[in-house]
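Q: Need a 3D model of the sequence below.
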Amino acid sequence: MSMAFDPVQSLFAVGSENGFIRVFGQHNVDVEFALAKPTPIEYLRIVKSAYLVAVDAARTITVFNMDTREEVSSHVLYSNVSAVASDPAMDWLFVGLENGQIVVYDIDRGIMSNFRIDNLQKSLMEKLRLSPVIHIAIHPRDPSLILKLPFWTNPEYIGESIILPNGDIIVRQDKITAALINIWGKGIQQSDIPSDILYDAMKIMPPRPTISTIQWLKGRPVATVDDVDELLGGPRRPPSKFMIEQEQAQNEQRRLVEEKTKRQARTNSYNKNNYGGGIMNSISSTLDNLEESTNQYFNTLNETVKDGQNSMLKSALKNKFF
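A: Numbering: from 1, shown residues only. Next up is the predicted model:
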């Protein structure tokens, strides 16, 4: 059985041996998720209060959307899983494998990252069998720092680890056993160190491991979540599903606005050609009628004046000669 807790929404998730997950919360919240196959769930995480991530015994990572309760992505790993770690504010799931590697799964995109941490034991102890990753811990204030334990440690005592000024870490394995992790070497049992010297500054530093990955980061004293995203995802990281949906929504909104603008322009043009054009045609017709009436009036007036002049001329001639 595996468990996970989300402090933001106060959600508690429990994974069963038959592939079912129950999520409990306040106000009688009780939601059930199920894997595609009834496989025991070994690890369970809630990421960004939006994704429920399950790692089963078949080496499969399954991601559920907690809002829609649907499976959004899944991925089958090439090696058995021995440890997982995640941060509530990041999109990444750090997966420790039995071959000693740490691979990173992009939860939001549903793909594996090209970034990985190889088993450095090969460069120090070539003849020994590769040890699995037992535990992974992310630094609470600097997400770019990851603690990888190559030996078994009781998870109850991980929080009691002590970081020395030189960078070495003293890890409490159980009630009576502790181990010293050298920043460039393997874990050393405390019993192997002389009782009078916990750290010998004159001891030769073991060779540093081979650099496997180089990535430019922005110049800040402390790496931020954006820096880690750039490091793990690379410069060509595809857009997330949320970004794609947001872009589609913006394009749809832009299309609706353009259609509304075109429709309004067509309406204004129609009104101009019909209502305004009708008024102008009516005014033009009225002016034409007025001009025609005026011409008829002046023609009638001219005829009347001519008739009157002719009558007066005839009367004058008649009175003079007759």
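
Q: Confirm Val257 sits in a helix?
A: Yes: looking at Val257 with DSSP: H, G, I helix; E, B strand; the rest coil, it is inside a helix.

Q: How much space separates it from Arg263?
A: 11 Å (C-beta to C-beta, to the nearest Å). C-beta: built from backbone N, CA, C; applies to glycine.

Q: One more: Phe12?
A: 52 Å.

Q: Settle it for me: which of those two has more neighbours?
A: Phe12 (14 against 10; other C-beta atoms under 10 Å).

Q: Which residue, other than its chain neighbours, is closest to the more buried one?
A: Phe24 (4.9 Å; C-beta to C-beta, 6 or more residues apart in numbering).

Q: I'd assumed Ser10 was in contact with that neighbour.
A: No: the criterion here is C-beta atoms under 8 Å, and Phe24 misses it with Ser10 at 9.4 Å.

Q: sorry, back to before: could you list every residue that touches the residue nearest to Phe12?
A: Each residue near Phe24 by C-beta atoms under 8 Å, 6 or more residues apart in numbering is listed here: 11-14, 30.

Q: in the sheet, who's paired with it?
A: Counting by DSSP bridges, Phe24 forms beta bridges with Phe12, Asp30.

Q: go on, the one 10 residues further on?
A: The bridge-partner assignment for Ala34, based on DSSP bridges, gives Phe20.

Q: what's the neighbour count on it?
A: 14.

Q: Go ahead and confirm it touches Gly19.
A: Yes: under the criterion of C-beta under 8 Å, Ala34 makes contact with Gly19 at 6.0 Å.

Q: any idea how far Ser98 lies from Trp92?
A: Just so we're on the same page, residue 98 is Glu rather than Ser. 20 Å.

Q: Same check on Leu232?
A: Relative to Trp92, and taking C-beta to C-beta, Leu232 is found at 6 Å.

Q: Now the common contact residues for those two.
A: By C-beta under 8 Å, 6+ apart, the residues touching both Leu232 and Trp92 are 104, 106, 113.

Q: Among those, which are located in strands?
A: Judged by DSSP state E, the shared contacts of Leu232 and Trp92 include 104, 106, 113 as members of strands.

Q: Quickly list what the second one is bridged to.
A: This points to Asp106. Applying DSSP bridges to Asp106 gives these bridge partners: Trp92, Ile111.

Q: so what's Tyr43 up against?
A: Tyr43 is in contact with 2, 54-55, 81, 84, counting by C-beta under 8 Å, 6+ apart.

Q: Bridged to it, which residues?
A: Applying DSSP bridges, one finds that Tyr43 bridges with Val55.

Q: what's the pLDDT at it?
A: Looking at Tyr43, its pLDDT stands at 92.

Q: what's the answer for Tyr157, then?
A: Reading off the model, Tyr157 has pLDDT 66.

Q: What distance separates the opening and closing residues of stretch 92-102?
A: End-to-end span of stretch 92-102 (C-alpha to C-alpha, to the nearest Å): 12 Å.

Q: quick check: mean pLDDT across that stretch?
A: So the average pLDDT for stretch 92-102 ends up being 88.
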